[in-house]
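A.B. asks: next input, structure requested:
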Amino acid sequence: MKRIFLALIAAALMTAAASAQIAEKKSLTLEGARKVIAAAKAEAQKLNAPGGVIAVVDDGGNLMALERLDGTFAAGANISIGKARTAVQFKRPTRFFEELINSSGKGRTVMAALNDFTPLIGGVPVLVDNQVVGGVGVSGAASAAQDEELAIAGANALSGTMAAPVSYFDKDQVSAAFAKGAVLFDGQGRNYMVHASRREKPGQAEIHNHDTDIIYVLEGTATFVTGGTVVDPKNIAPDEIRGATIENGETRMLKKGDVIIVPNNTPHLFKEVSNPFLYYVVKVR
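C.D. replies: This next block holds a predicted model:
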């Protein structure tokens, strides 16, 4: 009896050891891929998109499903697959790479050497329980921004069926982010981002075509201008405009505890700031 008992314990220990070396993995099914495409097509219809190719890949970048809406140019198929693969391989929306390249050229040389790399807006990862199970890419809609809208709608068809995980940042992480000014939550798979912002001097005039900024002041003061007209505006990235200053705007003095909401497409400028001026920004798209 004792031998049998010891054998059972040994078997249990071996099973536990094997389990510790294997992680559970969620996989995208064909039904799931079709659900992503259906949601993207529904969004295209709602937005009256002139066309669009929707590609869905698994977490290895392998094509699972593709549909081309009537009237879409043929090359859109390969482009949409490339966007979906890029989103999966880097586990982030392809917007990040297009904006990075357009803004400063940082990383351009390294990125050009990558295979199957399509740094064009319109690819997003498909997340379930915060795991990347695949990617969706869209090309051929009215604009790059609309490509992305369709892709997000498709990805949300699966991601939205599961409750998003809670994100927690302890005080050391938050303090480190405010020490230099940094993105605290990058919004992967969501429609919002959280910035731990720090300013030590005035900034440029800004316009975000898609993002609404919700600002909560933690420390310091700032002369903040909203509305009016941006002087010498320039596109520094898709849907991001910067300028020298603002004329005929409304001026407010921001201080600790204040909250101000700046809707998308609204010019705004930190004209004068104390050093440091610390504030949270929640960017909602």
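
A.B. asks: would you check that Asp129 makes contact with Leu158?
C.D. replies: No - assessed by C-beta atoms under 8 Å, Asp129 is found out of contact with Leu158, at 10.4 Å. Quick note: C-beta positions are derived from backbone N, CA and C, even for glycine.

A.B. asks: for Glu31, give its distance to Ala176.
C.D. replies: Glu31 is 43 Å from Ala176, where distance means C-beta to C-beta, to the nearest Å.

A.B. asks: and these two? Which one has more around it.
C.D. replies: The neighbour count for Glu31 versus Ala176, taken as other C-beta atoms under 10 Å, is higher for Ala176 (13 against 8).

A.B. asks: so which helix or strand takes in the more buried one?
C.D. replies: helix 171-180 (DSSP states H and E).

A.B. asks: how far does the following helix or strand past that helix sit from the chain's center?
C.D. replies: From helix 171-180 onward toward the C-terminus, using DSSP H and E, the following helix or strand is strand 182-185. The chain centroid and the centroid of strand 182-185 are separated by 12 Å, computed with C-alpha atoms, centre = their mean, to the nearest Å.

A.B. asks: what comes up buried for the next helix or strand after strand 182-185?
C.D. replies: Per DSSP H and E, the first helix or strand lying C-terminal to strand 182-185 is strand 192-199. Neighbour-count burial for strand 192-199, counted by 16 or more other C-beta atoms under 10 Å, picks out 193-199.

A.B. asks: who are the packing partners of strand 192-199?
C.D. replies: Secondary-structure packing of strand 192-199 (3 or more C-beta pairs under 8 Å, 6 or more residues apart in numbering; DSSP states H and E): helix 171-180, strand 182-185, strand 277-284.

A.B. asks: list of residues touching it?
C.D. replies: 174, 177-187, 222, 270, 273, 276-285 (C-beta atoms under 8 Å, 6 or more residues apart in numbering).

A.B. asks: buried ones only from those residues, please, as a ChimeraX command.
C.D. replies: In ChimeraX, this line selects whichever of these come out buried by 16+ other C-beta under 10 Å:
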select :177,178,181,184,185,187,222,270,273,276,277,278,279,280,281,282,283,284,285
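
A.B. asks: tell me the first helix or strand C-terminal of the lowest-mean-pLDDT helix or strand in the chain.
C.D. replies: None of the helices or strands of the chain scores lower by mean pLDDT, DSSP states H and E than helix 2-20, at a mean of 51. Next along the chain after helix 2-20, taking DSSP H and E as the criterion, comes helix 30-46.

A.B. asks: elements contacting that following helix?
C.D. replies: strand 53-58, strand 63-68, strand 131-139, helix 144-159.

A.B. asks: please repeat the previous calculation with a cut-off of 6 Å.
C.D. replies: strand 53-58, strand 63-68, helix 144-159 (3 or more C-beta pairs under 6 Å, 6 or more residues apart in numbering; DSSP states H and E).

A.B. asks: so which of the helices and strands packed on strand 192-199 gets nearest Thr72?
C.D. replies: Of all these, strand 277-284 sits nearest to Thr72, with 30.1 Å by C-beta to C-beta.

A.B. asks: distance from the closest one to the middle of the chain?
C.D. replies: The answer for strand 277-284 is 16 Å, by C-alpha atoms, centre = their mean.

A.B. asks: ditto for stretch 65-78
C.D. replies: Taking C-alpha atoms, centre = their mean, one finds stretch 65-78 lying 24 Å from the centre of the chain it belongs to.

A.B. asks: now do that stretch: distance from first to last residue.
C.D. replies: 13 Å (C-alpha to C-alpha, to the nearest Å).

A.B. asks: let's have the helices and strands packed on helix 30-46 in CSV, adding distance to Ala237.
C.D. replies: What follows is these, written out as CSV (distance: least, C-beta to C-beta, whole Å):
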stretch, distance to Ala237
strand 53-58, 24
strand 63-68, 29
helix 144-159, 11
